[in-house]
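Undergrad: here is a sequence together with a model predicted from it:
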Number of protein chains: 4
Amino acid sequence: MAAEQASAKPLRADAARNRAKVLDAARGVFAELGTGASTEEVAKRAGVGIGTVFRHFPTKESLLEAVLGEILAGFAEEARARGDSPDPGGAFFDFFQLVVGEAATKNAVSAELADAGVDVHAGRDDVRAELRGALGVLLTRAQEAGSVRGDIGFGEVMALLAGTSRATENLDVATRARVLDVVFDGLRASHA
Amino acid sequence: MAAEQASAKPLRADAARNRAKVLDAARGVFAELGTGASTEEVAKRAGVGIGTVFRHFPTKESLLEAVLGEILAGFAEEARARGDSPDPGGAFFDFFQLVVGEAATKNAVSAELADAGVDVHAGRDDVRAELRGALGVLLTRAQEAGSVRGDIGFGEVMALLAGTSRATENLDVATRARVLDVVFDGLRASHA
Amino acid sequence: MAAEQASAKPLRADAARNRAKVLDAARGVFAELGTGASTEEVAKRAGVGIGTVFRHFPTKESLLEAVLGEILAGFAEEARARGDSPDPGGAFFDFFQLVVGEAATKNAVSAELADAGVDVHAGRDDVRAELRGALGVLLTRAQEAGSVRGDIGFGEVMALLAGTSRATENLDVATRARVLDVVFDGLRASHA
Amino acid sequence: MAAEQASAKPLRADAARNRAKVLDAARGVFAELGTGASTEEVAKRAGVGIGTVFRHFPTKESLLEAVLGEILAGFAEEARARGDSPDPGGAFFDFFQLVVGEAATKNAVSAELADAGVDVHAGRDDVRAELRGALGVLLTRAQEAGSVRGDIGFGEVMALLAGTSRATENLDVATRARVLDVVFDGLRASHA
DNA sequence: GATGAATGAGCCTTCATTCAT
DNA sequence: CATGAATGAAGGCTCATTCAT
């Protein structure tokens, strides 16, 4: 009654633990091996039977979605945390850099980020909405503060985020910094 | 310049024709269906037996590489054609836009473009060198003309090219234009 | 009537209730989905956990057997009820038709009926014996009354019952009636 | 040019041989182990790789259909061969017995026979049509000769065929003979 | 006793690659 | 050289059965 939290079933303690293990393993595996990695590999890394993976995520696609959801949720969280920063511009660019940096390590992140901008799969709309909301705040405030050009919206930022992440994936730190600098300058441009 | 058939075999006329058919088909198939498309599909579209595909490209990966090579070669060509433009800045941005636009249609292009920036696969170094040369000219001239910031090089441009292509793949035209505008502004920035 | 719990355990009230629920559900599920239906489905329909199903029926096969037993028991009951009919021939054919009609609805019935004629699985001999007894009475009386040919026994009737059920499963009513008519005429034949 | 025979591709000699081997193996495997037998088993018995089975029959279902088709075609052939017998009644019953006898050995036959009566799967309509034609002749002639009752058609006969086959599958010879006798008498019955 | 999460063998199917024709 | 049949590893997914809670 008090804290029901999620949606349907409370999920037994061990089941929840396994679900988390699987999700974690999946994140790692897909990051390292790409989304083409086998479900078996995920199971192995999670230290569970393959049946367990499929019990929690009845489809490979659903597993992918869940991973993406987690990532996006994490980003939304980060965005939210910066929502009332006294330095809106800094907060926005800080967030941008964080996301891109994340993608540098985990290969799959950017791939999935790309999907996140567009729609594609149902069910994750909630997470996407959250991210849209939190990032929207960041963006709007930065624009109002004059730190970010006013002629772009959520869609453009997501695309830039995904694109820069992708572009940056296998680059050395210095080059990555320069690329990011270019994009940042573009974002600042007073439309010119 | 002089010598045509780089390495060993002169390649009979019909063989060369088949090689070309396969390459064309592969380009189309991978563009439409992604790199996950089956080799069989390529053979079918090329109108040849699957054995023929494997005779010319002993591995699926080698076929992918060849396709990438073709794409890069085409881009190198385009870059070269703009090498002595009286408007260096225009030439550079024109080229950039052309590449990104191409990727908008052919999904696989950007995926492969990504690899092109870094090294990854051997054998394609020659094409990459050509592209580097031609694009280098475009970039340098644009920088000398003050149209592009001076603190970036080939690597950064390739990354931006790849990233923007990816970011832009599934966007509507208007959004795509805006994203491109941001990147362009970033590239123009007087270092800031 | 007298003795209820045949063999070992008295079985707690709720346990017995669960057993019944499972059996009922199984009957329905197998009838609708065929014997290939999953045990999980049975559990779901019964409103119990899958563990409960396996507690009562340690094997899917044993569950199948139990279902068959129930069906046969039901038939035995029907046969018994007609055992002292003043119209032995009518009783026999009436029973035959009843069984075949049942199978028309519940697909699995006939499949299992087939096994019932022969031996196959142990443990169900008691039910089979009951059916054999009750149907035997029906048959013998019908034969003595001259309504059914005398050169056949229980085995033949069971085979005919199973076969006709099967044959009749997916037929429209009219055709089914005609097929039944043929078999009935054959059963009546004075050996000829 | 001379004998094109089939439909699309002439099929290389070895390919045809393999197709036949697979079909034969499938027939045997499904007969012995039921239609639930694995495709792998079929491949093993045929002495080919599993890929070969799927090359010829892209789906397990298509393999099943092919097997059924072969069986039906064989029956159609037998029926046709008896089409102009001087003894129409004998021809009909002879054929009936032949089919039922076949089923006695090969378990799957009757299972598939059942489907054959109704429609179920497309593609096999041609074989079914042939059988319908040939058996139709047998039936009509037998009816005209007064050997078979006139109030039944192809559908009834197919159902009886399938049902009797099923009923008879695991019976000893004597019982089988008696069951068949009953059905035959029913078929002869002057409508009664 | 009941529950349902965990397990893993096994199934169908795809596809890169090889090789006889 | 071209062809396409053959191959078999690998992948996604299901399901009977076990066992900790």
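TA: Looks like it arrived, so ask away.

Undergrad: taking chain A, what residue is nearest to DNA strand E?
TA: residue A:51 (2.0 Å; Cβ to the nearest atom of the strand). The way it works is simple: take the backbone N, C-alpha and C, and place the C-beta from them, glycine included.

Undergrad: quick one, phi psi at that residue?
TA: phi -60, psi -30 (degrees, to the nearest 10).

Undergrad: try residue A:138
TA: Torsion angles, degrees, to the nearest 10, at residue A:138: phi -50, psi -50.

Undergrad: skipping adjacent residues, who's closest to it in space?
TA: residue A:92 (4.9 Å; Cβ to Cβ, 6 or more residues apart in numbering or on different chains).

Undergrad: burial count for the one you found?
TA: 27 (other Cβ atoms under 10 Å in any protein chain shown).

Undergrad: same check on residue A:39?
TA: Residue A:39, neighbours per other Cβ under 10 Å, totals 17.

Undergrad: surely it and residue A:58 touch.
TA: No - taking contacts as Cβ atoms under 8 Å, residue A:39 lies outside contact range of residue A:58: 11.2 Å.

Undergrad: tell me the secondary structure at residue A:184.
TA: helix (DSSP: H, G, I helix; E, B strand; the rest coil).

Undergrad: surely it meets residue B:183?
TA: No - using Cβ under 8 Å, residue A:184 makes no contact with residue B:183, being 11.1 Å away.

Undergrad: burial count for the residue of chain A closest to DNA strand E?
TA: Neighbours of residue A:51 (other Cβ under 10 Å): 9.

Undergrad: list the contacts of residue A:70.
TA: A:23, A:27 (Cβ atoms under 8 Å, 6 or more residues apart in numbering or on different chains).

Undergrad: before we move on, back to that, read off the pLDDT value for the residue nearest to residue A:138.
TA: What the model reports for residue A:92 is a pLDDT of 98.

Undergrad: name the element it belongs to?
TA: helix A:88-105 (DSSP states H and E).

Undergrad: would you pull up the residue in chain A closest to chain C?
TA: Taking Cβ to the nearest Cβ, chain C has its nearest neighbour within chain A at residue A:55, 11.2 Å off.

Undergrad: helix or strand right after the helix or strand that residue falls within?
TA: Using DSSP H and E, residue A:55 falls within helix A:50-56. Scanning forward in sequence from helix A:50-56 by DSSP H and E, the next helix or strand is helix A:60-81.

Undergrad: that following helix and DNA strand F, are they touching?
TA: Yes - contact of helix A:60-81 with DNA strand F (Cβ under 7 Å from any atom of the strand) involves A:60-61.

Undergrad: those residues of chain A touching DNA strand E, which are they?
TA: Counting by Cβ under 7 Å from any atom of the strand, chain A sits next to DNA strand E at A:9, A:11-12, A:14-15, A:17-19, A:48-52, A:54-56.

Undergrad: domains in chain A, by residue range?
TA: A:11-58, A:64-188 (automatic domain parsing).

Undergrad: between the ones you listed, which one is nearest to residue D:67?
TA: Among the domains of chain A, the nearest to residue D:67 by Cβ to Cβ is domain A:11-58 (31.8 Å).

Undergrad: quick check, that closest one touching DNA strand F?
TA: Yes - applying Cβ under 7 Å from any atom of the strand, one finds domain A:11-58 touching DNA strand F at A:12-14, A:38-41, A:50-51, A:54-55, A:58.

Undergrad: quick check: closest non-adjacent residue to residue A:186.
TA: residue B:186 (2.7 Å).

Undergrad: so who does that neighbour touch?
TA: Neighbours of residue B:186 in contact, by Cβ under 8 Å, 6+ apart: A:181-187, A:189.

Undergrad: between these, which sits nearest chain B?
TA: residue A:186 (2.7 Å).

Undergrad: measure the closest one to residue B:74 for me?
TA: 27 Å (Cβ to Cβ, to the nearest Å).

Undergrad: check which helix or strand residue A:157 maps to.
TA: Here residue A:157 is assigned to helix A:154-168, by DSSP H and E.
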